[in-house]
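*Asks:* missing the sequence, but the structure's below:
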């Protein structure tokens, strides 16, 4: 049984989050995310705005056949349209048809919006709020009233802003959520205004909905909780319009780990990193490395002073233990880094450098040379591990390239054809193969595997899961240096490799070759380990 | 004459910023950034740590021959090493050799660091702080003392933390900067602790140095100013180790526009957007679209409700006027958007749709179809403009592709060769050309220009400035859909075009063709406008 929560988390990734540039989810993707949030113990999940588009209506159809363990699902919408009765309003009808236990409706707090945007009287706006809340309560819903532009409205006309809240409360709204819709409020304003509103709205029924336009979305949510509000609305990874909504990931981590306010169960906090990555992946948005708590760099150490300190005592440069949120410490290999970093990294990758300082120096020198060409090993630890193993002599090239030839042909409006032929040698044996592909890199990949599986059948176990192309120097147009990053996978792990060249095909080739070699080198190590274990048993 | 500043801005992009993953500057790049910051009226610029690496020493050599108009340059370093005299310490010698008017040294506040990391006595640490400050004052420097881990140290052992500050002050430090080195403090803690320290450190000599590990770097800097500190340290775009330093861009904008605290001159605030972009470009890091105030999406509107509102009154959904920081409003074209967005966009792009609703519908339908394939027009307005002009009949294809053929050949370890041949027709005339390139796309680009300049010599005025490749769906390895974004430039403007295909060459081809056609379509419009103007004169 879960303990009572101090703060209730209301997720609007599926609705307000999709207002963000480049954020789109299918109805099925929305359902998968909702289930994940439910597994994590989120209290409320806003699924969409059923009146606004067919995709959101479809989501609620799918959700009717889904059981949520913790979360209460909410449908979002606006108050009734002006000058009609609630029962005739298509907006409210669509919300009710969604058949959710909770509904969230937003109304106008700011007189400027009532007059200039809606173009109605201040009185009609109050009626729209009261009528809509009362109508939804009649239908047995838990009603959350989102007071749009609350802080701006209050700053400009506090008396009218209060009246809109009174209209919602006296009609029976269960919650009043104060929205900083334009995201421009300061934490000090949020604190003061919530204190002033506490006489009108019971704090245990008050919520905060912040945006990040002043880079203060998380701070405004946190000071609101300190001022007493009990519901926080936000999105995973801060997805949302303009600069995004308040990011629930650092909000939850700060509340729970720093402020000792219980919101999710402790065991689910440990999945914040994977939740963040999962939502980025579904949204097909590259995760932000510097994202607080869960980013790949959030506990990454580069400076020499910091690295030697965190090796002695992680508290020295880490504000929490990364494992608390499912993240991990990393030591970066870069041109600022020295021998101690390489030794740490080699240990992490399972390569024993021993006391041979000459080898370590050789590795540092080679890495620096490659970094000058545009290689970056922090995102390609497969290539780094391979490089170290080759320099220590632990691994040797399993094949040689004699030549490759890639052709792309296009006629008129037909789709282009891509073909690759390749000649490799393994020991004394030569192999010539040829393959087609969707594009030139896919063709090359196919030809390479065709040539190699004869010698190394275990390559059938691996496949590529991601492929990224980046420009090293953006200033030279199509002649720029290109960096290709590949993620490959087998049953045991995912590994990343890198290739750099001014030719995208050649860069891909290097990354492909590293990917295959990494697989072969790891399997070789496993065999060595097995041998080592057997030996130990014998002795 | 500049008015007196309420808050002094201390930039450490060139030192602490370079601790960020993937952030590297050459000495020359550092100098260019320093000059730009000086032009903007920044008060202090920390150039680097001359003792730590040769690149930083070189920067200070270059800086000796540079005159700064406003900014005071600072060299950074640690206090003297344990158990030696200041005059024998190579760290302090390196700082003095930098010949800057200001020096910033950091010392340990947190007893945990003194004991576990430095492995010295608490007394020796106090002596190191006092001796180093006194020695640098003897050399006539303005001395800024950075109290590393101040907040963590104070929370764990306030008495000792105070002693370290007393050591710095009584030795003559001009400034004491309280550092939240691990970035984990809450705004409420920062406010309380600064109030407690105000009896010891005069507020007009107190500074704040925050990190962003709790997503609170900007908030912590702002509440520190509200608590009375007069110096804020941070970096442009929040570059820095782990989750970054406090981002000076939103700090300056919030201080000046929201809190009416003067830091930079009003006319330079208008260059915050270009400053942010400039530093990202030099660092070769893609700018973050959602960055508050200056990001490309910071004033971008997508939802139908918001778009129609901002057209009526921008204040409705914008917390400041974007022009105040040199940014601009944008309306996004996306699958959430309807006809009114397209009409707005067409006006922005200078295309007149008139009252013909059928054409608008046709455009919306075509955009939706292409978005389904992976096209995204929010980052490719050149392609969007072209699409609209083609559907309205305002622009016709200036040439047809008959065929292209691209070959990449590699032998052994030699660099690969890339060649492209192309056949196009313009009216009745055909042209066959062939070209080499660094890579296949460069070869194709070269061949296309060679074929076209005969017909359209104005294409010599344009060139490509950036080339990006992204994966549309990351889940299919090397067979994934590829999106290519090109930025092209002539004397008048920069434009972006897009191509999507499962073949990187074909995607690049589409983006290249759009780029060339955009140039031709715009020049045609200019001619039309000229004709229109002439006619008006005549009438």
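*Replies:* Yes, it's here. A quick note: this is a predicted structure, and the numbers were derived from the prediction, not measured.
*Asks:* three-state assignment of the closest residue to chain B within the stretch 51-200 of chain A?
*Replies:* The nearest approach of the stretch 51-200 of chain A to chain B comes at residue A:184, 2.6 Å away (CB to the nearest CB). (Glycine included, C-beta is placed from N, CA and C.) Here residue A:184 is coil, with the state taken from DSSP: H, G, I helix; E, B strand; the rest coil.
*Asks:* Tell me if I'm right that it and residue A:213 touch.
*Replies:* Yes - counting by CB atoms under 8 Å, residue A:184 touches residue A:213, with 5.4 Å between them.
*Asks:* Skipping its backbone neighbours, what lies nearest the residue in the stretch 301-450 of chain A that chain B sits nearest to in space?
*Replies:* Nearest to chain B, among the residues of the stretch 301-450 of chain A, is residue A:319, at 2.6 Å (CB to the nearest CB). Leaving aside its chain neighbours, residue A:319 sits nearest to residue B:184 (2.6 Å; criterion: CB to CB, 6 or more residues apart in numbering or on different chains).
*Asks:* Residue A:147: neighbouring residues, count only.
*Replies:* Residue A:147 has 28 neighbouring residues, counting by other CB atoms under 10 Å in any protein chain shown.
*Asks:* Domains in chain A, by residue range?
*Replies:* As given by automatic domain parsing, the domain ranges for chain A are A:8-264, A:400-538.
*Asks:* Out of these, point me to the one whose mean pLDDT is lowest.
*Replies:* For those, mean pLDDT drops lowest on domain A:400-538, to a mean of 82.
*Asks:* that older thread, which residues does the residue of the stretch 301-450 of chain A closest to chain B contact?
*Replies:* For residue A:319, the contact set (CB atoms under 8 Å, 6 or more residues apart in numbering or on different chains) comprises B:182, B:183, B:184, B:213, B:214.
*Asks:* which element is the last one on?
*Replies:* Assigning secondary structure by DSSP states H and E places residue B:214 outside every helix and strand.
*Asks:* Residue A:210 too?
*Replies:* strand A:206-210.
*Asks:* Mind giving me the packing neighbours of that strand?
*Replies:* Counting contacts by 3 or more CB pairs under 8 Å, 6 or more residues apart in numbering or on different chains; DSSP states H and E, strand A:206-210 packs against strand A:175-180, helix A:187-197, helix A:217-226, strand A:231-234.
*Asks:* more neighbours, residue A:184 and residue A:213?
*Replies:* Higher neighbour count among residue A:184 and residue A:213: residue A:213, with 29 against 21, using other CB under 10 Å.
*Asks:* distance of that one from chain B?
*Replies:* Computed as CB to the nearest CB, to the nearest Å, the residue A:213 to chain B distance reads 5 Å.
*Asks:* if I read this right, that residue contacts residue B:298, doesn't it?
*Replies:* Yes - judged on CB under 8 Å, residue A:213 makes contact with residue B:298 at a distance of 7.0 Å.
*Asks:* Need the residues touching each of these two.
*Replies:* Common contacts of residue A:213 and residue B:298, defined by CB under 8 Å, 6+ apart, comprise A:242, A:243, B:292.
*Asks:* chain center to the longest strand seen in chain A, what's the gap?
*Replies:* Counting by DSSP state E, the longest strand found in chain A is strand A:400-411. Computed by CA atoms, centre = their mean, to the nearest Å, the chain-centroid distance of strand A:400-411 equals 37 Å.
*Asks:* Stretch A:403-422 now?
*Replies:* 36 Å.
*Asks:* cool, and stretch A:31-42?
*Replies:* 15 Å.
*Asks:* Equivalent analysis for stretch A:221-233, please.
*Replies:* Worked out by CA atoms, centre = their mean, stretch A:221-233 lies 24 Å from the chain centre.
*Asks:* What residues sit buried inside it?
*Replies:* A:221, A:222, A:223, A:224, A:225, A:226, A:227, A:229, A:230, A:231, A:232, A:233 (16 or more other CB atoms under 10 Å in any protein chain shown).
*Asks:* Can you pick out the most distant pair from those?
*Replies:* Pairwise distances across the buried residues of stretch A:221-233 (CB to CB) peak at 16.6 Å, for the pair A:226 and A:233.
*Asks:* Counting neighbours, what do you get for residue A:266?
*Replies:* Using other CB under 10 Å, residue A:266 has 11 other residues around it.
*Asks:* Not including adjacent chain positions, what is the nearest residue to it?
*Replies:* Closest residue in space to residue A:266, ignoring its immediate chain neighbours: residue A:256 at 7.6 Å, by CB to CB, 6+ apart.
*Asks:* ditto for residue A:394
*Replies:* Closest to residue A:394 by CB to CB, 6+ apart is residue A:351, at 6.8 Å.
*Asks:* now the one you found, what's its secondary structure?
*Replies:* At residue A:351 the chain is in coil, as set by three-state DSSP.
*Asks:* ok now do it, which residues does it touch?
*Replies:* A:385, A:388, A:389, A:392, A:394.
*Asks:* Can you read off the pLDDT for it?
*Replies:* Confidence score, pLDDT, at residue A:351: 75.
*Asks:* For residue A:245, give the beta-bridge partners.
*Replies:* Residue A:245 forms beta bridges with residue A:211, as assigned by DSSP bridges.
*Asks:* My guess is it contacts residue A:210. True?
*Replies:* Yes - with contact defined as CB under 8 Å, residue A:245 counts as touching residue A:210 (7.3 Å).
*Asks:* residues shared between the contacts of these two?
*Replies:* A:217, A:233, A:234.
*Asks:* Redo those as TSV? Include distance to residue B:272.
*Replies:* Shown next, in TSV, are those (distance: CB to CB, whole Å):
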residue	distance to residue B:272
A:217	19
A:233	29
A:234	26
